[in-house]
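*Asks:* Compute the structure for the input listed below.
(chains A and B)
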Amino acid sequence: MDDWIDFALGRYNYWIAIVLMMTGLYIVYERGNLVKKVVGLNLFQTSVFIFYITIGKIAEGTAPIYIGGELDHGESEAEAAGPLHDAPADGANALGEATPDLADKIDNSGQILHGKIANDFPANDLKAGLESLKPPADTSAEASLHKAPDIDAGKIANDALAAVEKPPAPALDLADPAGLHGADAAHNAIGAAVHHTSEVIYSNPLPHVLILTAIVVGVATTAVGLALAVRIREAYGTIEEDELEAIDNIAEFGEGAAPAGAAS
Amino acid sequence: MNLAEQLPVLPVIIPLVAAPITLLLPQGRAPHLWATLISWLTFAACIFLVSAVSDAGVISYHLGGWVPPLGIEYRIDLANALVLALVSGIASVVFAFAYRSVRVEVDPRQSTFFYCAMLICLTGLLGVTITGDAFNVFVFLEISSLSTYALIAMGANRDRRALTAAFNYLVMGTIGATFFVIGIGLLYQATGTLNMADLHDRLAGQSNRMVEAGFAFIVVGIGLKLAMFPLHLWLPNAYTYAPSAVSAFIAATATKVAVYVLIRFFYSVFGFDFGFVAFAFTYVLLPLGLAGMFIASLVALFQDDVKRMLAYSSVAQIGYMLLGLSFATVEGLTASLVHILNHALMKGALFMAVACVVFRTGSHSLQAFAGLAKRMPVTTWAFILSGLSLIGVPLTVGFISKWYLLTAAFAAGHGYAAFLIVASSLIALVYIGRVAEMMLLREAPSEGPYAIPIKEAPLSMLIPMWVLVAANIYFGVRTDLTGDLATRAAEALMLVAGGAP
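*Replies:* Numbering: from 1, shown residues only, chains lettered A, B, ... in the order given. Prediction:
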């Protein structure tokens, strides 16, 4: 019994998403008023936003906004993580400065790769990712990824971490043999750099970004839907679906041809 | 940074950048000429892509230089190169065709916006086709859908029912797209990636509730977009009341692109390792495809509005495509791909012929077609030839589609399906025959709303229309062109999907 309660309560955000989704769909289906339909559609889309945010949540993780003050290792480190949002080359150089002993090992192609990797994943995520990989080798992390996941916060975190772990592998594939060394060095350099940072766990930023896009699409859809509702009101003088249908039927078949369904 | 390296991104970038520029142009001819020029450039880029892919194999373009599993990848193999060429080809013909038709059917104040929306729609459709990133598909799908809603609503200048049609499409399309996003979210949760090739690798061997739910959401979501038989309710009104040029464009492209997305997800993302795919083929796509073929064809038979008749026929034709891909064989998939191309050619030509009739008579009711053979012979014969192609008469592309489909049905051991394909083609014969009879044998009405003396449609409409009609016949004779490419594309897809289920 307790298991069931835990199961239900531990996933309360999924319940919210499901309830909102069904409410939204029901409104779209049941309400004849076009504006209410648009609102229902909105509610339905909102449930998906919540679902995506749930995917991105990592237990104990904070919002994926870089917390600058948490870095404890001097200015060079802050610099290293600071310009991550700049051009790839900047990130590479900054990290290179941060770990001067490694900098000379990084050849040209390595530097570019390095920059890309650093740019794409905030150092702290990488740290979390790399630390979780500490005991096992890279390959076992891959394997853990293929384990059937459960809908479970821990697993989600695992997925996210695995995603964090991903960049070096394809990067290595793409680098030509000469560049392999550079890519390795880049990997190490990041590892070295992030080890100096403090313990901040961020939620997975990717679903947030995805859902920002989906919100934009949702707003656009609402705007088009409401604009159509306005035009329909101009053309028909009503936005009730039943009345619209009746008007169309009368226009097509003449008076008295309104279908039985239109009255309800 | 030379142009050849950037070629894969051009089909999306050219119309995307050109669309807002359209709004700056003065009203009149300029927006139309600009949009047409852009569509031709896009078509040229797509043709280069097809030949590049045909020679060199899969092209992978990394957007912004980000390496694939993280960055967005444009991945072009033969299957989507064909669809790209098709969409941009249809666009280049319809855009050239649109000017006169749009001038009478769309509010002149909106004509600039019209071409802008057409270009955005083209961007979206090409983007959906070209991208190798699952979430990117959603974004482009919505770009094309949102502009389509606006384009359909522009038909309100002639018939206000276009507004309700657009609204219903908006509601259904948004539900479909949102279902698709939920599915993508579930897959992301299961794998931590959005790249299609990467998804395929990581989904291998996974078969749990989450992936199964994701699969179901994606199939239903795309099913709504492609008007899979019971989910097609938005389509007839949308095609009927949209401006004729829009009907011709979206009937030939939008649903085809959605079918392509379905193929991509079934074959390239899930593959046959995933048990639900075979299940969906046998118990969902096959029966729904067959049901759509028959029921929609029968409904088309009783329509008194030619555009609505063609719309229902589109639902039926989508049934053929679903049927082909549900066989899960190289032959079946080839038939599906070939029919995607061929149906676009014939439906585009048919809707353009109707657009010519609407241009002269102001109506797309069957009555307006009476006696047209004498008054608009060129349009009449374009309609009849592409109608014959729809039925599947030899020497037209329709025959090639049916031929591949029948071969595939027999090879897959679905002999009864072959029988049903032929039977439903006969229904098509009847409903096209009704219009043909009206045009060829009836006398033109001497009084009533359609009695006005009618001239042939202007050349600016006839030429693009006949280009498509000629394509119907050319590709019906030169079967090696589309057939070979489609077979190679199907073989590549089957290879990724992992053989027979």
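
*Asks:* Now do the contacts for residue B:385.
*Replies:* By CB atoms under 8 Å, 6 or more residues apart in numbering or on different chains, the contact set of residue B:385 is B:349, B:396, B:469, B:472-473. C-beta here means a position set from N, CA and C on the backbone, and glycine is covered the same way.

*Asks:* again, only this time at 6 Å
*Replies:* Counting by CB atoms under 6 Å, 6 or more residues apart in numbering or on different chains, residue B:385 makes contact with residue B:469.

*Asks:* distance of it from chain A?
*Replies:* 32 Å (CB to the nearest CB, to the nearest Å).

*Asks:* Please compute how far the helix or strand that that residue is a member of lies from its chain's middle.
*Replies:* Secondary structure assignment for residue B:385, by DSSP states H and E: helix B:377-391. Helix B:377-391 sits 19 Å away from the centroid of its parent chain (CA atoms, centre = their mean, to the nearest Å).

*Asks:* Buried residues in that helix, which are they?
*Replies:* B:378-391 (16 or more other CB atoms under 10 Å in any protein chain shown).

*Asks:* now that helix: mean pLDDT?
*Replies:* The average pLDDT for helix B:377-391 rounds to 91.

*Asks:* Next SSE downstream of it?
*Replies:* That would be, after helix B:377-391 and using DSSP H and E, helix B:397-411.

*Asks:* who does that next one touch, helix- and strand-wise?
*Replies:* helix B:330-361, helix B:377-391, helix B:415-440, helix B:459-477 (3 or more CB pairs under 6 Å, 6 or more residues apart in numbering or on different chains; DSSP states H and E).

*Asks:* Only the buried residues of it, if you could.
*Replies:* Residues B:397-406, B:408-409 are the ones in helix B:397-411 that count as buried (16+ other CB under 10 Å).

*Asks:* Relative to residue A:14, which of those is nearest.
*Replies:* residue B:408 (42.1 Å; CB to CB).

*Asks:* so that closest one touches residue B:331, yeah?
*Replies:* Yes. With contact defined as CB atoms under 6 Å, residue B:408 reaches residue B:331; the gap is 3.7 Å.

*Asks:* Need the nearest residue in space to the residue in the stretch 1-150 of chain B that chain A sits nearest to, chain neighbours excluded.
*Replies:* Nearest residue of the stretch 1-150 of chain B to chain A, counting by CB to the nearest CB: residue B:142, 4.6 Å away. Nearest residue to residue B:142 in three dimensions, chain neighbours excluded: residue A:217, at 4.6 Å (CB to CB, 6 or more residues apart in numbering or on different chains).

*Asks:* How many residues are close by the one you found?
*Replies:* Neighbouring residues of residue A:217 were enumerated by other CB atoms under 10 Å in any protein chain shown; the total is 22.

*Asks:* per-residue confidence for it?
*Replies:* 93.

*Asks:* what about it, helix or strand, and which?
*Replies:* Assigned by DSSP H and E, residue A:217 falls in helix A:205-236.

*Asks:* Over to residue B:74?
*Replies:* Going by DSSP H and E, residue B:74 is part of strand B:73-76.

*Asks:* next one: that strand to chain centre, how far?
*Replies:* Distance, centroid of strand B:73-76 to centroid of chain: 20 Å (CA atoms, centre = their mean).

*Asks:* what helices or strands is whichever helix or strand residue B:20 is part of leaning on?
*Replies:* Using DSSP H and E, residue B:20 maps to helix B:10-24. In this structure, helix B:10-24 packs against helix B:29-56, helix B:111-130, with contacts taken as 3+ CB pairs under 6 Å, 6+ apart.

*Asks:* Looking at those helices, which is nearest to residue A:16?
*Replies:* Across those, closest to residue A:16 is helix B:111-130 (CB to CB), at 31.0 Å.

*Asks:* do the closest one and chain A meet?
*Replies:* No. Helix B:111-130 does not reach chain A (CB under 6 Å from any CB of the partner chain); its nearest approach is 10.9 Å.

*Asks:* Which residue or residues pair with the residue in the stretch 351-500 of chain B positioned nearest to chain A through a beta bridge?
*Replies:* Across the stretch 351-500 of chain B, the shortest distance to chain A (CB to the nearest CB) belongs to residue B:365, at 11.0 Å. For residue B:365, the beta-bridge assignment (DSSP bridges) gives partners residue B:305.

*Asks:* All good on my end, thank you.
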